[in-house]
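> for reference, the sequence and a predicted model appear below.
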Amino acid sequence: MSETNKKRCTVLLPSGPHFERLFDEVLQHAINKTALVPSRLYWNASSPTPIHIFIDQIEQAEALVADISEHTNEIWFAVGCAVALGKPLCLISSEVESNLPLGIQHLPHISYPVDASSNDYIELQHNISAQLSAVMPQANTTQPEPRLHTPLLPPSPTSESSDDLSSYEVIAMTILDHKASKTGLSPRDLGLEMRACNAAPLTSHAMNALKRRRFIETKPVQISEGNELYLSENLFITRAGQDWLSRNGKKATPQHTPIRSRARFVISR
């Protein structure tokens, strides 16, 4: 496939030599591994890009990677556009999660140290590739033509109904079953529990994989944080997920203690 025919992944970074190095040493390679072409989206304060061009570039991209470390207005605008357009999104940040705005703390993002070493960059590259691969729509692979006189077999069941879960998917399902309250469990709390199991970087991958299998679902819940309220897309195990847990002996006992929820109520869809 020629370079012009490949699908683009738009990249938004603050300005500065640190972010130039980040793009050259990490992001380009991570994005190329997913068969996408990295494309920087630049802006100039003295001569800003017209808003419709800015939005068009995001709309035409297959996915978006954004570094939200410096809370740049243009990057927040682009992230909002990507969310509104339903674009696959990969957020990275050198800030601790508690310093992020409440409105996006529930979104999965990848952290890296401010003074990142070469090993940190290697890990970051791997995590970005894994995140993009998890959130990208599954491409339809070309099926070989059937041989002559060979009857066509009925399609095999999809992986969504398979009992063959990966280890990190089992960890996430077990945590949800043991820790969720009646108002579910926030992605942030799931990430904290996954961190205790040394599987924090795989949280978003597990969430997306289990959603594709229809073992979990999200519902909007209103959360209280001090004097502020915000919506969180909390996680809930579906009936299919409960059945899987029962079949595989992973179901929690009645004595399990859920995480105390800050949710006021679940908003009906």
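On my side now, so go ahead.

> isn't residue 237 right up against residue 245?
Yes. The criterion here is CB atoms under 8 Å, and residue 237 meets it with residue 245 at 7.4 Å. Any C-beta I mention is one placed from the backbone N, CA and C, and that applies to glycine too.

> what is in contact with those two at once?
173, 177 (CB atoms under 8 Å, 6 or more residues apart in numbering).

> shaky segments in the stretch 151-269 of the chain?
Per-residue confidence for the stretch 151-269 of the chain (pLDDT under 70) gives these ranges: 151-163, 225-226, 229-230, 253-269.

> for the stretch 1-150 of the chain, just list every one of the strands.
According to DSSP state E, counting those that start in this stretch, the stretch 1-150 of the chain carries its strands in the segments 8-12, 37-40, 63-67, 89-93, 109-111.

> okay, those in a markdown table with mean pLDDT next?
What follows is those, written out as a markdown table (pLDDT from 0 to 100):
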| stretch | mean pLDDT |
| --- | --- |
| strand 8-12 | 91 |
| strand 37-40 | 90 |
| strand 63-67 | 91 |
| strand 89-93 | 89 |
| strand 109-111 | 84 |
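
> of those strands, which stretch is the most buried?
Looking across the strands of the stretch 1-150 of the chain with neighbours counted as mean count of other CB atoms under 10 Å, the highest average goes to strand 63-67: a mean of 24.

> what's the angle from it to strand 8-12?
Calculated by axes from the mean of the first three to the mean of the last three CA atoms, to 10 degrees, strand 63-67 forms an angle of 20 degrees with strand 8-12.

> can I get strand 63-67 as CSV, trimmed to CA atoms?
Below are the C-alpha coordinates for strand 63-67, written out as CSV (Å, rounded to 0.1, in the frame of the first residue of the first chain):
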residue,chain,number,x,y,z
ALA,A,63,-7.3,8.0,15.0
LEU,A,64,-5.9,10.7,17.2
VAL,A,65,-2.9,10.7,19.7
ALA,A,66,-2.6,13.8,22.0
ASP,A,67,-0.2,14.7,24.7
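
> that one pairs with which strands, parallel or anti?
Sheet pairing here is set by DSSP bridges, and for strand 63-67 it gives strand 8-12 (parallel), strand 89-93 (parallel).

> could I get those as CSV with distance to residue 83?
Output for the strands paired with strand 63-67, formatted as CSV (distance: least, CB to CB, whole Å):
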stretch, distance to residue 83
strand 8-12, 13
strand 89-93, 7
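
> ok so residue 222 is a strand residue?
Yes. Residue 222: assigned to a strand according to DSSP: H, G, I helix; E, B strand; the rest coil.

> confirm for me that it is in contact with residue 231.
Yes. With contact taken as CB under 8 Å, residue 222 and residue 231 are classed as touching, separated by 6.0 Å.

> quick one, domains of this structure?
For the chain, the structural domains run 3-135, 162-266, going by automatic domain parsing.

> want to throw the strands of the stretch 1-150 of the chain into CSV with distance to residue 200?
Converted to CSV, the strands of the stretch 1-150 of the chain look like this (distance: least, CB to CB, whole Å):
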stretch, distance to residue 200
strand 8-12, 24
strand 37-40, 25
strand 63-67, 19
strand 89-93, 14
strand 109-111, 9
